[in-house]
Structure formats: C-alpha cells, structure tokens
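> Next come a sequence and a model predicted from it.
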Amino acid sequence: EAFERALDAKRRTPAPADDATDGTPEDRAPGEVLCPYCLEGIQLDLNKLYVTDDQMQYRALDLSRIGNPVRREDVMRGAVQQCTADPDFPEHHIPVPYLTHGRPLTVAMIGQSSTGKSHLLTQMIAEITDGGLERYGVGWQSVNPEQHARFVRERVQPLRSGKVLDHTSGVGLDGFARFVESLLLTDARGRVRPVAFFDLGGEDLVRTDGALRFLLGIDALVFVVDPALALPLPQLDEVRERWGTEVDRDGDAAFGTVLDRLPRKGPYLETPAAMVLGKSDLLRFQPPVDRWLGEGPPAAIGPDQFREESADVYALLRQHAGQAWLRPFDAFRRCTLHIASATGGQESQGRYPAGTGPRRVLEPLVSLLAMHGIIEAPGGAASFGVGRETR
C-alpha cells in the first residue's frame, strides 16, 4: 500500500543531527522570544510592564511598590509588556507569562480562507479549555486572563451559539501570520510551556524578513484541506455551486506557498505536522469519513495512534484528490492525517441553525503535542507519527 511504503521510506531515512533540524533560530538571544504580533524578538523588561485599570486603560506597573512576593507574582500574571521592537508596527502588548516560561511552542494553521480553519482553531482551543487534554495528563491556564476572556466572549461563545465567525480576528503581519490565542500547557511532569496559535493566510504570504523569520520558527503545522476544493465527489457539487468554487487538482495554493519557503536539511522537513480533512460533515455518509466522525477520543496515546485514520485519509485523498493534495504528508517526516468537523453542519444565512457540534477537532493537536513530548507517547516523541515496523 502506498501509505505504508511512504512511512517505511520515512523510517529508513536517517534524521539530521539535532543541531541541523528545521525551525530553530540560531541568533536568538537567551531569554528572547518572538513577539506573536510583530514577529520581532522581545525579552522581559520589568520597566515596560502595564496593567489595566477599571476603565480598561493601560497604566504603568511599578513593581518596586509591591513587597509581598505572592502578591507580586499574582500581579505579574495579569500584567503585559509593551513591545517596541518594531517602531512602525501598531502599539501592542505581550502577556508577561508568555515571556517567562521559555520558548513558546508555535502552532500554525495553514490553508486558504475557505477551508474553515478559523472555526477549526476556535473549536480546538475551546476543547482545550473544556479540559480535553486532561485525559493525556496535560492541564492548561490562560496566558492572560483578560485576553482569554475576550477570546471566549468574541469567538467561542458566538460560534457555539451558531454564528458564523468572520475572518478578520487577530493581529498579524500584513495579513500573513495572524496571532489568535495563547495558552500555558502543563504536562504530566509539571513542565509549563506557552503554546501560541496562528492563522496563516499562506496564499498572501509576503516576502519580508519577518515572514521568513516566522516560518523558520514554527514548531508545528496544521494543513487544513477543504473537501469541496479537493474531492470531485458528486455529493459536493451542490456545495461548490453555492460557494462558487471548483475542484482544484493542483492542491491548496497556501500549502505550496508555505512548503516552498521552509528550508530542509534532507529529504524531509523535520517540523511536526498534521493534515486535517476539514468540514467532514459534508462527507458524513462517505467511507471512511462516516466511521471516523463518530469515533470518540482515545483514552490514552498508543505507539501507533492515528496510524489507521491517517491511512484512511491518505487513501481517500490519493484516490479522489490526487497527490498534489498530499504534498504536506510527502514533505514532512512526521505527519498524521485526520478527519474533523468544526461545526457538525452547514451554515445558512450566516448561522448554523442547529448550533455547532464539533467532531474530532482536538485530535490533530494531540498528535502534534505527542510529537513534541508534551503528551507522552510509547516509543517517544521522535518516532510518533512515523509508526513502527509492521513486518
């Protein structure tokens, strides 16, 4: 089978040395992280901290006036730092916890705007905050309580009540990398790491130093496939007619734009990746989608977790969409394939009449977190997503 042959080739190809893997900026100063808004380097500076007052206006924070260490830590958790790394970028502030827990893990959603990746990402974050990662020993906290409450109020609650979200949320680099939300994840060993979620408009990628620097620093990628663009199945014709789209045998332009700019040190890219056949409710009666949409989350992560689902999605795309749509799987050593639906149904006049019922939206992130060792998997993070020898 083509899928097993591809996995076997990935297993047999030696991985590059640790210092030669993709996405590790070598010129980053100790303690410096990438600002999620302007994509410039930023370090904690206690002289640039702010808190919000009762009128939701920023006022400078003077830590010298807070002697109690417990009180000081609590205030710092709600404080932000003004980032002045790029004087031409609009004023923006970074939550202090984002700067004090090591290098953030950056997760980028990639696909054309029609793929529904904004809805998928919103539901993914909502499932985390509902405790969806606890079964794997991973807890969460908001990086900034005030900003997280705004995200829930402006994105999660409207979507769950049936509203179609717009595509303008987030602040980013020339419409390319839009920062959506960040959380603090705590693994089973008590290690805390910030995780930042970005929505990439790959088809509009600008050739700037900031865009390239961001691509070099991405830690995990989620490629979202729009079935209406990829699969020439007759049950999708009505959807294509309504949306004014056609099947594209050349694959998602956003995939190619990003893949063409990621440097590789060997035959494969080493950044953990996942592919998601989104809007899978449109194919709820199509095998193998019908099976996986009703599948519950795994109680624990096994060494070959997602292998069967990956094989099914690979076969579906290979048979009906063509190899161009599988380019991310071919490009990355570790790449799992998933079926998901952010809403569980189709929109009508800007709403989901029955509300939204997400299906399997967290599984792609579970796979990526296992590849990074935040979720512990048998066999270790390095082999997760490649599978074990079956013969």
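Great, that's in hand.
> and the one helix or strand Tyr98 maps to, what other elements does it pack with?
Per DSSP states H and E, Tyr98 falls inside helix 96-99. Helix 96-99 sits against helix 69-78, strand 80-83, strand 192-200, with contacts defined as 3 or more CB pairs under 8 Å, 6 or more residues apart in numbering; DSSP states H and E. Just so you know, the C-beta spots here come from the backbone N, C-alpha and C atoms, and that holds for glycine as well.
> Which one, of these, ends up nearest to Asp304?
Taking CB to CB, strand 192-200 is the member of the helices and strands packed on helix 96-99 nearest to Asp304, at 24.9 Å.
> Give the pairing partners of the closest one; include direction for each.
strand 105-110 (parallel), strand 177-186 (antiparallel) (DSSP bridges).
> Could you chop this protein up by domain?
Domains of the chain are assigned by automatic domain parsing as 2-26+102-383, 33-99.
> Pick the most deeply packed of those domains.
Stretch with highest mean neighbour count among the domains of the chain: domain 2-26+102-383 (a mean of 19; mean count of other CB atoms under 10 Å).
> Now do the end-to-end distance for it.
20 Å (CA to CA, to the nearest Å).
> go on, stretch 33-40?
Span of stretch 33-40 from end to end, CA to CA: 8 Å.
> so where does Tyr314 fall, helix or strand?
Judged by DSSP H and E, Tyr314 forms part of helix 307-320.
> Quick one: mean pLDDT over that helix.
Confidence for helix 307-320, expressed as mean pLDDT, is 97.
> swap in stretch 95-112?
92.
> Ends of it, what's the gap?
So stretch 95-112: terminal residues 29 Å apart, CA to CA.
> now the strands: where do they sit in the chain?
Ranges of strands within the chain are 33-34, 41-42, 49-52, 58-60, 80-83, 92-95, 105-110, 139-142, 171-173, 177-186, 192-200, 220-225, 273-277, 335-339, based on DSSP state E.
> Figure out how far the longest one is from the centre of its chain.
It refers to strand 177-186. The chain centre lies 9 Å from the centre of strand 177-186; the measure is CA atoms, centre = their mean, to the nearest Å.
> could you check the angle helix 69-78 makes with that strand?
150 degrees (axes from the mean of the first three to the mean of the last three CA atoms, to 10 degrees).
> So for strand 177-186, mean pLDDT?
Mean per-residue pLDDT for strand 177-186: 91.
> returning to that earlier point: show me what the helix holding Tyr314 is packed up against.
Applying 3+ CB pairs under 8 Å, 6+ apart, one finds that helix 307-320 contacts helix 2-12, strand 273-277, helix 289-293, strand 335-339.
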